[in-house]
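# Fold the following.
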Amino acid sequence: MIEWSMKRRKVTLHAKDLGISPRTAMRWWKHYEETREIAYKKSQRNPGRPNSFTLEHEQHIQHEKQLG
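Residues are numbered from 1 along each chain as shown. Okay, here's the model as predicted:
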């Protein structure tokens, strides 16, 4: 239970850094843990709202991924 709380807090902090909702960040993290694929790339198949991800967002995710 404590481990989940710490993980949620960490994901929430990164969500704030990226300017996305913590719920979205948790959903993406869950997808990553299950598939080892970066979830935001899935949004390309969504014909609705354009992707708001910037190069800075991608660099931040890659940096965190390397840190483990």
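# Please count neighbours and contacts with C-alpha atoms only from this point.
Noted.
# so how far is stretch 59-68 from its chain's centroid?
10 Å (C-alpha atoms, centre = their mean, to the nearest Å).
# Now do the buried residues in that stretch.
Neighbour counts using 16 or more other C-alpha atoms under 10 Å place no residue of stretch 59-68 among the buried ones.
# and stretch 57-68, what's its mean pLDDT?
Over the span of stretch 57-68, the pLDDT mean works out to 84.
# what comes into contact with it?
The set of residues that contact stretch 57-68 without belonging to it, under C-alpha atoms under 8 Å, 6 or more residues apart in numbering, is Leu18.
# C-alpha coordinates for it, CSV please?
Written as CSV, here are the backbone C-alpha positions of stretch 57-68 (Å, rounded to 0.1, in the frame of the first residue of the first chain):
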residue,chain,number,x,y,z
HIS,A,57,7.8,16.3,-23.1
GLU,A,58,9.4,13.4,-25.0
GLN,A,59,12.8,14.3,-23.7
HIS,A,60,11.5,14.3,-20.1
ILE,A,61,9.9,10.9,-20.5
GLN,A,62,13.0,9.4,-22.0
HIS,A,63,15.2,10.9,-19.2
GLU,A,64,12.9,9.4,-16.5
LYS,A,65,12.8,6.1,-18.4
GLN,A,66,16.6,5.9,-18.3
LEU,A,67,16.7,6.7,-14.6
GLY,A,68,14.3,3.8,-13.9
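# The longest helix seen in the chain: which residues count as buried?
The helix of greatest length in the chain, counted in residues with DSSP state H as the criterion, is given as helix 2-18. Judged by neighbour count (16+ other C-alpha under 10 Å), helix 2-18 contains these buried residues: Arg8, Val11, Thr12, His14, Ala15, Leu18.
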